[in-house]
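> can't give you the sequence, but here's the structure:
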């Protein structure tokens, strides 16, 4: 390969246009680059760090004036992105129909959850905190502070229920070290300790709603998530389950490792590989390949929908902003959109982006959102 | 005044806040990753100014494009950005064609890892193993990020 071919290959790599083989070639070369210098000392690193930070900050001052333009461009890119993937191949209309969106806006959801103990006592978890850890006898927030009025009976194992309301999200670390992110309107039932399990006994939890699991590895105690219609069995892996009661199907998406999904209705099992999703209904199991980034976007603070019908998208919005959705024409719910939007904006920001496709219109009245034809 | 201690937040929380335009989250990401990335780049380029330029561009992009950035893991995003910027620099400023030569001889001799998940892990390890060689103060700041990941 000569100089020009090598440069052309590298340019393709930088643009992200490489084939899988070309990418492997460039990255393997990069992996074996030799050291030309010894590790820099503390003085050199700190000097470089301060120097670059100053440059970044002085450029930021100059850029403030330009910021509005940059922000508008970014917004335009997002809108075009959303418009461009509109499946019905209608021409993109840049006009916005904002007249129907009110001055009083609806705020997004936040960190909110409750924990219910076996005796029925319910503890509200702090909104200042993003998550809690459940240890054998105590509850602590992520920052190490204790959850008020907690003391778990360390003699008896009791069932606990962590629940998020509509518009709430929270993260839990279970006593075995498994991390669970709860999406809005979700509840998880789990034991206060997994210590007394005998060899081969399962770690059982029960889920309603949507959660992302990073299960701590423990080969002698399989982890089982039970929902209506199905259960998922794993040893240690990352996956997402969407099992809202108002959806007909239950979707389990695997990011890492391997899981077994068993349908109660069909009395059948499937094993998922990474990037696969099982869809279980009362009498069927299907498996398809998906982009897991879309599935777990909620955990990253986004609404992500990869070719989803508006009806499903509006359900997510309803659960996050605590609103009711009304359709003037039911067939609108079948229109398909793709895109990603931050979850932490107000509801009008989200609806505005959907309106910008020129395909639907929204009206907000109190806590009711009406979806109508353009 | 903020009551949140950003140094305790896991990377995932920092990313959420960064996307909302929280400059303190941006500053914490810079604190965590600058030392490691700088040491990694400098050892391979042996050029202080170019190492700094790469990181200035990288962190400048991180702020400007924060709202549209789409990545599941902050460190993977940063390592990838470093990789692309280093490769571009090496090949385009390669006056003596030493990188091109190294690239050519690499292709003749070496076996390559084709599985991209394994390769991705190697690309991460390659940077993170630098951590052990960092001066104490720089290492501790970076390890905050790792600790929170491990706890989860």
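Arrived safely, thanks for sending. If you're wondering where the values come from, they're calculated on a predicted model, not measured in any experiment. Residues are numbered from 1 along each chain as shown, chains lettered A, B, ... in the order given.
> low pLDDT regions in the stretch 51-200 of chain A?
A:59-104, A:148-155 (pLDDT under 70).
> how about the strands in it?
Counting by DSSP state E, counting those that start in this stretch, the stretch 51-200 of chain A has strands at residues A:110-111, A:113-116, A:122-125, A:131-134, A:139-141, A:159-164, A:168-173, A:179-182, A:186-191.
> which among these is found nearest to chain B?
Ranking these by their distance to chain B (criterion: C-beta to the nearest C-beta) puts strand A:179-182 first, at 4.4 Å. Bear in mind the C-beta positions are built from the backbone N, C-alpha and C, glycine included.
> measure stretch A:259-271 end to end?
End-to-end distance for stretch A:259-271, by C-alpha to C-alpha, to the nearest Å: 6 Å.
> if you could redo that for stretch A:131-138, that was the one I meant.
From its first residue to its last, stretch A:131-138 covers 14 Å (C-alpha to C-alpha).
> distance between that stretch and the chain's centre?
23 Å (C-alpha atoms, centre = their mean, to the nearest Å).
> on that earlier part again, Throw the strands of the stretch 51-200 of chain A into TSV and include mean neighbour count and distance to chain B, thanks.
Output for these, formatted as TSV (neighbours: other C-beta atoms under 10 Å in any protein chain shown; distance: least, C-beta to the nearest C-beta, whole Å):
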stretch	mean neighbour count	distance to chain B
strand A:110-111	14	10
strand A:113-116	19	16
strand A:122-125	16	16
strand A:131-134	22	8
strand A:139-141	18	10
strand A:159-164	20	16
strand A:168-173	23	7
strand A:179-182	22	4
strand A:186-191	21	16
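> turn those into TSV, including distance to residue B:71.
Listed next are the strands of the stretch 51-200 of chain A as TSV, based on distance: least, C-beta to C-beta, whole Å:
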stretch	distance to residue B:71
strand A:110-111	22
strand A:113-116	26
strand A:122-125	28
strand A:131-134	21
strand A:139-141	27
strand A:159-164	25
strand A:168-173	19
strand A:179-182	17
strand A:186-191	25
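> can you say which of those is nearest to residue A:10?
strand A:179-182 (38.4 Å; C-beta to C-beta).
> which residues sit against that closest one?
A:113, A:162-164, A:168-174, A:188, A:209-214, A:299, B:152 (C-beta atoms under 8 Å, 6 or more residues apart in numbering or on different chains).
> is stretch A:41-49 positioned near chain B?
Yes - Stretch A:41-49 reaches chain B (C-beta under 8 Å from any C-beta of the partner chain) through A:41-42, A:44-46, A:48-49.
> does residue A:337 belong to a helix, a strand or coil?
Residue A:337 falls in the strand class when you classify it by DSSP: H, G, I helix; E, B strand; the rest coil.
> repeat that for residue A:280.
Residue A:280 - assigned by three-state DSSP - is strand.
> got a list of what the residue nearest to residue B:15 when sequence neighbours are not counted touches?
The shortest distance from residue B:15 to any non-neighbouring residue, by C-beta to C-beta, 6 or more residues apart in numbering or on different chains, is to residue B:74 (5.3 Å). By C-beta under 8 Å, 6+ apart, the contact list for residue B:74 reads B:11-12, B:14-15, B:29, B:145.
> just put those residues in TSV and tack on distance to residue A:265, neighbour count and pLDDT.
What follows is the contacts of residue B:74, written out as TSV (distance: C-beta to C-beta, whole Å; neighbours: other C-beta atoms under 10 Å in any protein chain shown; pLDDT from 0 to 100):
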residue	distance to residue A:265	neighbour count	pLDDT
B:11	40	22	86
B:12	36	20	85
B:14	43	22	88
B:15	39	22	90
B:29	47	23	92
B:145	44	21	58
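> ok, the longest strand anywhere in chain A: who's next to it in the sheet?
Ranked by residue count and defined by DSSP state E, the top strand of chain A is strand A:203-214. When pairing is defined by DSSP bridges, strand A:203-214 lines up against strand A:179-182 (antiparallel), strand A:186-191 (antiparallel), strand A:223-226 (parallel), strand A:238-243 (antiparallel).
> hmm, the lengthiest helix in chain B in reach of chain A?
If you go by DSSP state H, chain B has its longest helix at helix B:23-45. Yes - applying C-beta under 8 Å from any C-beta, one finds helix B:23-45 in contact with chain A at B:30, B:34-35, B:38-39, B:42-45.
> tell me how far that helix lies from the chain's centre.
Distance, stretch centre to chain centre, for helix B:23-45: 7 Å (C-alpha atoms, centre = their mean).
> for the stretch 251-374 of chain A, which segments are assigned as strands?
A:259-263, A:268-272, A:276-281, A:284-289, A:302-309, A:324-327, A:336-342, A:360-365, A:368-373.
> export those to a markdown table and tack on mean neighbour count, mean pLDDT and distance to residue A:119?
Converted to a markdown table, the strands of the stretch 251-374 of chain A look like this (neighbours: other C-beta atoms under 10 Å in any protein chain shown; pLDDT from 0 to 100; distance: least, C-beta to C-beta, whole Å):
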| stretch | mean neighbour count | mean pLDDT | distance to residue A:119 |
| --- | --- | --- | --- |
| strand A:259-263 | 22 | 93 | 33 |
| strand A:268-272 | 16 | 91 | 37 |
| strand A:276-281 | 21 | 93 | 34 |
| strand A:284-289 | 14 | 91 | 39 |
| strand A:302-309 | 18 | 77 | 38 |
| strand A:324-327 | 14 | 93 | 35 |
| strand A:336-342 | 20 | 78 | 40 |
| strand A:360-365 | 18 | 90 | 42 |
| strand A:368-373 | 16 | 92 | 38 |
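> next, format these as TSV and append distance to residue A:8.
TSV is the format used below for the strands of the stretch 251-374 of chain A (distance: least, C-beta to C-beta, whole Å):
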stretch	distance to residue A:8
strand A:259-263	42
strand A:268-272	39
strand A:276-281	36
strand A:284-289	32
strand A:302-309	32
strand A:324-327	51
strand A:336-342	32
strand A:360-365	44
strand A:368-373	49
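> just checking, what packs against the longest helix of chain B?
helix A:42-84, helix B:11-19, helix B:48-64, helix B:74-92, helix B:116-128, helix B:136-151 (3 or more C-beta pairs under 8 Å, 6 or more residues apart in numbering or on different chains; DSSP states H and E).
> identify whichever of those lies nearest to residue A:224.
Among those, helix B:136-151 comes nearest to residue A:224, with 23.6 Å by C-beta to C-beta.
> for residue A:336, see how far away residue A:371 is.
14 Å (C-beta to C-beta, to the nearest Å).
> again with residue A:42
From residue A:42 over to residue A:336 (counting by C-beta to C-beta), the distance is 55 Å.
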